[in-house]
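K.L.:
I'll drop the sequence and a predicted model, then ask my questions.
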Amino acid sequence: MDKREFREFDEEEKELDESDDALEKFDKSNEISDMVLGDEEPEDNQVNSKEIEKKQDRQFLWIIGLMVAVILIVLVVPYTTNYVVKEYVNKFEFMRLEFEKTALGDIIIYSAYVPVVNQKGEITSNYRVTFRNDPRELSQIEIDEKMKDSIKFIQQKPVYISINPNMDTCEDNSVAMIILSSFLRDSGLEIKSAMSDEEYANLTGNEYKTCKDSSKNTVIIVDSGNELKIAQERTNCYKIVYSDCEIIKSVERFNLAILENYMNHFRTKEEIEAENTAKEIATKESSEDIVEENNTNPEIIADSEKEAESGEEIISGSNYSNEG
């Protein structure tokens, strides 16, 4: 082998050695990669992975709970709200009756069932009454003192609703007359219409009725004025006056007064005793105030002394002479 061949052989041997070194380095790099990216993760990475899984589980449970809550709100809340509104907000007791507030479109109705009794005082059925206004607010409207204890109608004879043809023309006039006549008719009364103006009645062929006719028939006069007024003009004659076109409110206040008098028949013994006690106390206090006022009023004292000297007494507004 000459020198040239020996040199070529030596170079090939060096290239093989370099290839072996390269393979050995490659194998070491693979071992390092296996340590970093192999199947067995470092302990810190395993802890972090478990914490992430726990957080994901908690988030999942929270999402499920939120969905359940939303479903319950959608299904349960409307029902609960309607029940609460119906049973507690839209129902109330007043005048020994249970009233219910109902919406019919834009119209609000207050209704209650009134017990109907026979001649023996036994409840035989119930009658439904309705109001367009809250009866609690209607009761705040003052009425004639004489009507608080009793509103009487002549039985077996027609009740005349006599209208003033010159009263204010309002949108609810016809509705109010229907409400009034229907309530009285449902109470067992015969209802007839009339006019309180004689000239207009003769021109239109209607009956002419005023309080002068109340000895034969019960008469209800309907008119407009400067204030809402429910009064008893004379025995068996009542007057309903409305203002600012609140004719329905005036009519319903009259109906409520009739209903209130009727429901007083259902008072308990305790309620009657309490009312009588309250009246006695009020009467006593009123008498004491009058006595005190008389004792402190010089003019009344002087008049009393003169009357005593002349031998006269004042009893219930009438003068009685003492006979010797």
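P.N.:
Good, I have the coordinates.
K.L.:
ok so Glu53 is a strand residue?
P.N.:
No - Glu53: not assigned to a strand; according to DSSP: H, G, I helix; E, B strand; the rest coil it is helix.
K.L.:
per-residue pLDDT, it?
P.N.:
Note for Glu53: predicted pLDDT of 71.
K.L.:
same question, Asn118
P.N.:
pLDDT, Asn118: 87.
K.L.:
below-threshold pLDDT in the stretch 1-150 of the chain: ranges please.
P.N.:
Under the criterion pLDDT under 70, the flagged ranges of the stretch 1-150 of the chain are 1-48, 50, 54-57, 60, 72, 74-89.
K.L.:
okay, strands next: where are they in it?
P.N.:
91-94, 97-104, 107-117, 123-131 (DSSP state E, counting those that start in this stretch).
K.L.:
would you mark the buried spots in the last one?
P.N.:
Neighbour counts using 16 or more other C-beta atoms under 10 Å place Val129, Phe131 of strand 123-131 among the buried residues. For every residue, glycine as well, the C-beta is placed using N, CA and C.
K.L.:
and if you look at the longest one?
P.N.:
Going by neighbour count (16+ other C-beta under 10 Å), the buried part of strand 107-117 is Tyr110, Ala112, Val114, Pro115.
K.L.:
next one: stretch 178-188
P.N.:
Ile179, Leu180, Ser181, Phe183, Leu184, Ser187.
K.L.:
can you dump the C-alpha coordinates of it into PDB?
P.N.:
Extracted C-alpha coordinates of stretch 178-188, given in PDB (Å, rounded to 0.1, in the frame of the first residue of the first chain):
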ATOM      1  CA  ILE A 178    -127.400  50.800  35.300                       C
ATOM      2  CA  ILE A 179    -125.200  50.100  38.400                       C
ATOM      3  CA  LEU A 180    -127.800  51.700  40.700                       C
ATOM      4  CA  SER A 181    -130.900  50.100  39.200                       C
ATOM      5  CA  SER A 182    -129.300  46.700  39.000                       C
ATOM      6  CA  PHE A 183    -128.200  46.800  42.600                       C
ATOM      7  CA  LEU A 184    -131.600  47.800  43.800                       C
ATOM      8  CA  ARG A 185    -133.400  45.300  41.500                       C
ATOM      9  CA  ASP A 186    -131.100  42.500  42.700                       C
ATOM     10  CA  SER A 187    -132.100  43.400  46.200                       C
ATOM     11  CA  GLY A 188    -135.700  42.500  45.400                       C
END
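K.L.:
mean confidence score for it?
P.N.:
95.
K.L.:
could the buried residues of strand 107-117 be laid out in JSON lines, adding distance to Thr277?
P.N.:
Output for those, formatted as JSON lines (distance: C-beta to C-beta, whole Å):
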{"residue": "Tyr110", "distance to Thr277": "32"}
{"residue": "Ala112", "distance to Thr277": "28"}
{"residue": "Val114", "distance to Thr277": "28"}
{"residue": "Pro115", "distance to Thr277": "26"}
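K.L.:
residues in contact with Ile230?
P.N.:
Counting by C-beta atoms under 8 Å, 6 or more residues apart in numbering, Ile230 touches 141-144, 147, 238-241, 250, 253-254, 257.
K.L.:
let's see it at 6 Å
P.N.:
With contact set as C-beta atoms under 6 Å, 6 or more residues apart in numbering, Ile230 has these partners: Ile143, Arg253, Phe254.
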